[in-house]
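Trainee: Give me a model of this one.
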Amino acid sequence: HYALWNAGIHHRDVRPANLMYYRRDDRNGTVEGVLNDYDLASLASRNSSLGNERIGTIPFMAIDLLKPDGQDGKLKHLYRHDMESFIWVFVWICFQYEGGK
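Mentor: Numbering: from 1, shown residues only. Presented below is the predicted three-dimensional model:
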């Protein structure tokens with residue numbers, strides 16, 4: 001995610017359905033994760049309002065983006081907004097488990 005953001009590709013819709021993981025077939029059982037579904041991503045190099053309109057899944061969006069300025073497209077989507085979305089996804093995942101399952 002960080003490498004793509006620095007390359008000017010901004011995902012902007014971090015949610016559980018866009019995350020996948022797999023266990024490598026090695027002794028350590030290494031887990032690797034992938035953020036997919038870049039069809040609504042924006043390009044930082046584009047000079048348009050495309051980067052400012054509200055895109056995302058509301059339960060996992062950054063709080064700033066849910067406020068009126070964020071909803072009206074007046075707030076620029078920043079890297080920290082996607083990071084906050086990752087935190088909301090983590091909280092959601094934690095609440096899905098009961099009794100270790």
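Trainee: any idea what sits nearest the residue nearest to the spatial centre of the chain, other than its immediate chain neighbours?
Mentor: Geometric centre of the chain, nearest residue: residue 14, 2.2 Å, by C-alpha atoms, centre = their mean. Of all residues not flanking residue 14 in the chain, residue 85 sits nearest, at 3.7 Å (C-beta to C-beta, 6 or more residues apart in numbering). All C-beta atoms are positioned from the backbone trio N, CA, C, and that covers glycine.
Trainee: Buried residues, the helix or strand containing that neighbour. List them.
Mentor: Secondary structure assignment for residue 85, by DSSP states H and E: helix 79-96. Residues 81-82, 84-85, 88-89 are the ones in helix 79-96 that count as buried (16 or more other C-beta atoms under 10 Å).
Trainee: And for stretch 4-15?
Mentor: Result for stretch 4-15 [16+ other C-beta under 10 Å]: buried residues 5, 9-15.
Trainee: Check stretch 17-32 too.
Mentor: By neighbour count on 16+ other C-beta under 10 Å, the buried set for stretch 17-32 is residue 18.
Trainee: end-to-end on it?
Mentor: Stretch 17-32 has an end-to-end distance of 16 Å (C-alpha to C-alpha, to the nearest Å).
Trainee: Which single one of the buried residues of stretch 4-15 is nearest to residue 60?
Mentor: residue 15 (4.6 Å; C-beta to C-beta).
Trainee: Could you list which residues are in contact with that closest one?
Mentor: With contacts defined as C-beta atoms under 8 Å, 6 or more residues apart in numbering, the neighbours of residue 15 are 56-57, 59-60, 85, 89.
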